[in-house]
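Visitor: got a sequence here, can you model it:
(chains A and B)
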Amino acid sequence: MSSTQTLLKTLLQNPSSITSKSQAKQLHAQIIKTKPTTNSASLLSIILSIYTNLNLYHESLILFNTLHSPPTLAWKSIIRFYTFNGLFIKSLAAFVEMRASGKYPDHNVFPSVLKSCTHLMDLRFGESVHGYITHLGMDFDLYTGNALMNMYSKLQSLDKHGGCGNIAAEVLDKSPNSRKTDKCGSSFVDFDKLNGNDMHNESSCSNSYELIDKFEKHVDDGDPIGCSKNMSYTLARNNTHRVVFDHLHGKNDMVMRNGQKGALHADSIRKVFEMMPNRDLVSWNTVIAGNAQNGMYGEALEMVREMGNANLQPDSFTLSSVLPIFAAKVDVVKGKEIHGYAIRHGFDTNVYIGSSLIDMYANCTRVEDSCRLFNLLPHRDSVSWNSIIAGCVQNGLFDEGLKLFRRMLLAKVKPSPVSFSSIMPAFAHLTTLHLGKQLHGYIIRGGFDDNMFIASSLVDMYAKCGNIKIARWIFNSMEQHDMVSCTAMIMGCALHGHAHEAITFFEKMETEGVKPNSVAYVAVLTACSHAKLVNEAWQYFNSMIHDYGIAPCLEHYAAVADLLGRAGRLEEAYEFISGMHVRPLGSVWSTLLAACRVHKNIELAEKVAEKIFTADPDNMGAFVVLSNTYSAAGRWKDAAKLRTTMRNNGVRKKPACSWIEVKNKVHAFVAGDESHPYFDRINEVLKVLLELMEREGYVPDTNEVFHDVEEEQKRDLLCSHSERLAIAFGIITTPAGMTIRVTKNLQRIVDCHVATKFISKIVGREIIVRDNSRFHHFSDGKCSCGDYW
DNA sequence: ATAGGGTTAG
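Guide: Down below sits the predicted model:
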């Protein structure tokens, strides 16, 4: 009896002295046992505040639900608890209920409530809370002020993009008794499960494939029911807290990230900041971060200086807001200064600073520095891994990125949506469809496939890996499109020679109110170029300059020059390139040289080659193309002379190689390759094919190859070039009627192209060949490229 | 009450 009273006394005087779960539960039990007639609710509230401070999930919820008329302390505790655990809607619901029950919040509650509004991106609700805060005169509270500024800086320009409006209000309207029908517990567990799609489990790979195969089949059937969306819906949408789920998985990021330019709430932020009687480091950091994240770099840096005047030193929070500015401005000198400051203050081992530094160096193309930093980090979290992976991939180190991705999984770090959208471009560039598909499987099962970044990267990956059908399907099933996803789709169409479709997508984008940028124009001009749509290209080129005020850069000029070349308007192309506002690189001239080869214009070819040799003396490819131009026009002597020069200069032609993916395994072939275990069967097939092809009228075109060998040999060599070996292998190993997909590392020669057309007709198969610049769809003796490549 | 990482570009 007396011990109980002592305990209760201690408890009442100093609740924070209770530091363990068992202590807290003991006290709780005591109270229940003694059944105090007075103050029962307030004693239980104190227990609740201890539970919530210890973040004891079930204990807190069960206790709260037993309170019929929770006192203010209980409300405060539970609201904080909900916010802390990411149950933002619950938190706001509790706040509303608290008010409805006639209890008044104090300044301790508002930071949690405002944080919930911020995470739910519910500006309207937040503003009304702000009004209430002002009404109560609590906007002078330091923490509340900081939370207000944070909310306005995060929800900047939400209005412009529609935002999420009244999520909270809607939910609140519907669930006045949300507390009674509480499902937080189960939702929390479910959520964990969702996160735990186990990337570390090797055996789950086969499931992934099955999933994607099913997916592919649905797309082929043109019946998207049961596809990705529904699969992920069953997994993810069953969640009663979808909004929270979305938020934590970055879906709603888009809205925030889109608001780069607007300064819609800058005034609100400044007003709060200036009204505050006291400002601490957090206040400054919040405003600085707000400015930095909204693209107001100058203001952010200015505030760092002002902060110094107020005798406050930048801390790790300040630095991690400032570093992205120098990353964006590609200012490695300033970035390094910050790095130095971080080292001097011992911040360089901080994960936040670490990943910002990794990103900054990578953005300044100093990936080696990023890697060094990464290896020196004493502790790495998911973001550090994502930073280094993205850094590598963005700098073209795809294999390194892949290695790091695997290392991340081995280190048992769960990949996040950011991991997926960072690594996916590596598969796109490496054309490793099997890896891309595998990752797509994980993405579907994790329910991440509606993330804009991921969906865009998937569209791009499938297009680049040759499956334009799936790319198109994913694009069409996206809920909204932005400039990036549209550009990926347009470029995908361009890559596959579907110029008109590309233009349709471009126009749809414009009518949907998505503003094209410079990259989008590169894509649409590339599409025009592949289909020789000269007039359309000019129209886009001019509209870009005059309607959108985008200055043409090298890529746009290159696309137009390429187009003129393809259309046979060689002189015009030459004039166009000569008159460019940007100094043409060798590569621009190279496209014209290739055009000269196709149109057999030797005079211009020589002139252009000269330009290449002066602009870019290391560009040895020009020798090869020029030599081929001579050959194609039958000027053997010139070709031979050039080849001698090449040899003397140590120029070696890159060996041509073709590869084909069968059953998720890549089979590579080089010309005359006899090492493949299937070689005999391949040879047999090729013999039969040649006979049939010749019966159909095929005549080997030996002009462009091997002038040093006998005519007889030339024919044999042609018939065993790498593309044909790969196709023959595909014919043997894949079921009849199935599309054969082959990739080639170089531009193909005329004979090669012609032969593949014949083969597609004879075997009655669709054959898709990707060469160094685009996809060629062969079927029934025709090619989608219009025989220009 | 404040922080870091992502998709398109021959």
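Visitor: quick one: name the residues of the stretch 501-650 of chain A near DNA strand B.
Guide: Within the stretch 501-650 of chain A, the positions near DNA strand B by C-beta under 7 Å from any atom of the strand are A:517-520, A:522-523, A:526, A:555, A:558-559, A:562, A:587. Placement of C-beta: from N, CA and C, glycine included.
Visitor: nope, the stretch 251-400 of chain A is what I meant
Guide: A:253-254, A:257, A:280-283, A:285-286, A:289, A:292-293, A:316-317, A:320-321, A:323-324, A:327, A:350-356, A:359, A:381-384, A:386-387, A:390, A:393-394.
Visitor: equivalent analysis for the stretch 101-250 of chain A, please.
Guide: The stretch 101-250 of chain A comes close to DNA strand B at residues A:111-112, A:115, A:118, A:142-143, A:146-147, A:150, A:154, A:250, as judged by C-beta under 7 Å from any atom of the strand.
Visitor: now those: which count as buried?
Guide: Neighbour counting by 16 or more other C-beta atoms under 10 Å classes A:111-112, A:115, A:118, A:142-143, A:146-147, A:150, A:154, A:250 among those as buried.
Visitor: hmm, who's touching the helix or strand where A:Val560 lies?
Guide: Using DSSP states H and E, the element containing A:Val560 is helix A:554-566. For helix A:554-566, the external contacting residues (C-beta atoms under 8 Å, 6 or more residues apart in numbering) are A:518, A:521-522, A:525-526, A:528-530, A:532-534, A:537-538, A:541, A:544, A:570, A:572-573, A:576-577, A:580, A:582, A:584-585, A:587-588, A:591-592, A:594-596, A:598-599, A:788.
Visitor: again, only this time at 6 Å
Guide: Residues from elsewhere that reach helix A:554-566 (C-beta atoms under 6 Å, 6 or more residues apart in numbering): A:522, A:525-526, A:528-529, A:532, A:537, A:541, A:572-573, A:576-577, A:580, A:582, A:588, A:591-592, A:595, A:788.
Visitor: do stretch A:452-463 as well
Guide: The contact list for stretch A:452-463, computed with C-beta under 6 Å, 6+ apart, reads A:254, A:417, A:420-421, A:424, A:427-428, A:436, A:443, A:448, A:470-471, A:474-475, A:478, A:484-485, A:488-489, A:492, A:495.
Visitor: hmm, 8 Å instead?
Guide: A:250-251, A:254, A:417-418, A:420-421, A:424-425, A:427-428, A:433, A:436, A:440, A:443, A:448-449, A:468, A:470-471, A:474-475, A:478, A:480, A:482, A:484-485, A:488-489, A:491-493, A:495-496.
Visitor: right, is it up against DNA strand B?
Guide: Yes - for stretch A:452-463, a contact with DNA strand B is found by C-beta under 7 Å from any atom of the strand, at A:452-454, A:456-457, A:460.
Visitor: from those residues, which two are the most distant?
Guide: A:Met452 and A:Asp460 (12.6 Å; C-beta to C-beta).
Visitor: test my guess that A:Glu512 contacts A:Met483.
Guide: No - look at A:Glu512 against A:Met483 with C-beta atoms under 8 Å: they stay out of range, at 10.3 Å.
Visitor: wait, A:Leu120 sits on A:Leu92?
Guide: Yes - taking contacts as C-beta under 8 Å, A:Leu120 lies within contact range of A:Leu92: 7.4 Å.
Visitor: after the helix or strand in which A:His500 is found, which helix or strand is next?
Guide: In this structure, A:His500 sits in helix A:499-511 according to DSSP H and E. With elements assigned by DSSP H and E, the helix or strand that comes after helix A:499-511 is helix A:518-530.
Visitor: and the contacts of the helix or strand just after that next one?
Guide: Using DSSP H and E, the helix or strand that follows helix A:518-530 towards the C-terminus is helix A:534-546. Contact partners of helix A:534-546, identified using C-beta under 8 Å, 6+ apart, comprise A:503, A:506, A:516, A:518, A:521, A:524-525, A:528-529, A:550-552, A:556, A:559-560, A:563-564, A:567, A:569.
Visitor: quick one: find the helix or strand in chain A with the lowest mean pLDDT.
Guide: helix A:184-195 (a mean of 24; mean pLDDT, DSSP states H and E).
Visitor: mind checking which of the buried ones among the residues of the stretch 101-250 of chain A next to DNA strand B are in helices?
Guide: A:111-112, A:115, A:118, A:142-143, A:146-147, A:150, A:154 (DSSP state H).
Visitor: and those residues, which two are the farthest apart?
Guide: Maximum pairwise distance among these (C-beta to C-beta): 18.8 Å, between A:Leu142 and A:Lys154.
Visitor: confirm A:His776 sits in a helix?
Guide: No - counting by DSSP: H, G, I helix; E, B strand; the rest coil, A:His776 is not found in a helix; it is strand.
Visitor: who's it bridged to?
Guide: Per DSSP bridges, the residues bridged to A:His776 are A:Val769.
Visitor: okay, now it: neighbour count?
Guide: Applying other C-beta atoms under 10 Å, we find 23 residues neighbouring A:His776.
Visitor: kindly report the same for A:Pro735.
Guide: 5.
Visitor: closest to the centroid, which residue in chain A?
Guide: Of all residues in chain A, the one closest to the mean position by C-alpha atoms, centre = their mean is A:Ser421, 3.2 Å from it.
Visitor: that's all I had, so thanks and see you.
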